[in-house]
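> Just the structure for this:
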Amino acid sequence: MTITLSIQGMSCQHCVHRVKKAIDAVAGVSGSQVTMGSAIVDFEPSQVSADALKKAVEEAGYTITAP
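Model (predicted):
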């Protein structure tokens, strides 16, 4: 399954790297593409929920604005 997250608070490439690292560390994530302000995440829904992905981003210090 793939989800696109809109992320607020990213202002530089360090932010992009930090978000990617947080997302990729979640068990069940098979890949991610992170750019300034968004992330496209491929994951296995039987192993991880969309809410867990959002929580990982928030714990890294950023805010999810959608979905």
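
> burial of residue 20, as a residue count?
If you count neighbours by other Cβ atoms under 10 Å, residue 20 ends up with 17. In short, each C-beta sits where N, CA and C put it, glycine included.

> Correction: the previous question concerned residue 51.
9.

> That one and residue 36: what is the separation?
From residue 51 across to residue 36, the span is 23 Å (Cβ to Cβ, to the nearest Å).

> Repeat that for residue 57.
Distance, residue 57 to residue 36, by Cβ to Cβ: 14 Å.

> now the strands for the chain?
Using DSSP state E, the strands found in the chain span residues 2-8, 29-35, 38-43, 63-66.

> Residues contacting the top helix by length along the chain, please?
Selection of the longest helix in the chain by residue count, based on DSSP state H, yields helix 13-24. Contacts of helix 13-24 with the rest of the structure, by Cβ atoms under 8 Å, 6 or more residues apart in numbering, involve 7, 9-10, 29, 31-32, 34-36, 39, 41, 53, 56-57, 59-62.

> Who are the contact partners of residue 40?
Listed by Cβ under 8 Å, 6+ apart, the contact set of residue 40 reads 2, 3, 4, 5, 32, 33, 34.

> The third one reaches residue 38, doesn't it?
So the one you mean is residue 4. Yes - here residue 4 lies in contact with residue 38, judged by Cβ atoms under 8 Å, at a distance of 6.3 Å.

> which of those two has more neighbours?
Taking other Cβ under 10 Å, residue 4 and residue 38 do not tie; residue 38 has more neighbours (16 against 11).

> Without its sequence neighbours, what residue ends up closest to the more buried one?
Spatial nearest neighbour of residue 38, chain neighbours left out: residue 6 (5.5 Å); criterion: Cβ to Cβ, 6 or more residues apart in numbering.

> Okay, now the unreliable bits of this structure?
Within the chain, the ranges that satisfy pLDDT under 70 run 67.

> Nearest residue to the residue nearest the centre of the chain in space, ignoring adjacent ones along the chain?
The C-alpha lying nearest the average C-alpha coordinate of the chain belongs to residue 23 (Cα atoms, centre = their mean; 4.6 Å). Spatially, and ignoring its direct neighbours in sequence, residue 23 is nearest to residue 32 (4.7 Å; Cβ to Cβ, 6+ apart).
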